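> Here is my input, please return the structure:
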Amino acid sequence: MPAIVLSSKGQLVIPLEIRRRLGLDSGSRLSCELDNGRILLVPETGKQARLKRGRDGMPVLVAPKSAPRMSVEAVKAALAEFP
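Numbers count the residues shown, from 1 in each chain. Prediction:
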């Protein structure tokens, strides 16, 4: 297991192999927990949508991978529920 170095700003770099195995990319969120003197970094399950910038710079809401596929009809039905 490669060592992880803490920067002067308190930042960590997680090795590429570990990021790939966990499916982590830029913007991935991890919760930080203490467990008997150890630091545990636990990837958040991705059950929440997240906001990122699209190619045109406009905000885009990205659904979690576990979200069901949305059809045009499902989106229209969901939007119809709002006044």
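
> worst-scoring helix or strand of this structure, pLDDT-wise?
Using mean pLDDT, DSSP states H and E, strand 50-53 stands out as the lowest-scoring helix or strand of the chain, at a mean of 83.

> mind checking how far that strand is from the chain centre?
The chain centroid and the centroid of strand 50-53 are separated by 10 Å under CA atoms, centre = their mean, to the nearest Å.

> List the strands paired with that strand, with their directions.
Counting by DSSP bridges, the strands paired with strand 50-53 are strand 59-62 (antiparallel).

> Alpha carbons of the strand it pairs with, as CSV, please.
Taking Å, rounded to 0.1, in the frame of the first residue of the first chain, the C-alpha atoms of strand 59-62 are listed here in CSV:
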residue,chain,number,x,y,z
PRO,A,59,-24.6,24.3,-14.1
VAL,A,60,-25.8,20.7,-14.7
LEU,A,61,-27.4,18.5,-12.2
VAL,A,62,-25.9,15.0,-12.3
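
> pLDDT at the residue nearest to the spatial centre of the chain, what is it?
Residue closest to the average C-alpha location in the chain (CA atoms, centre = their mean): residue 28, at 3.2 Å. Note for residue 28: predicted pLDDT of 86.

> Next, the contact list for residue 54, please.
The contact partners of residue 54, by CB atoms under 8 Å, 6 or more residues apart in numbering, come to residue 60. All C-beta atoms are positioned from the backbone trio N, CA, C, and that covers glycine.

> Next: residue 35.
No contacts exist for residue 35 under CB under 8 Å, 6+ apart.
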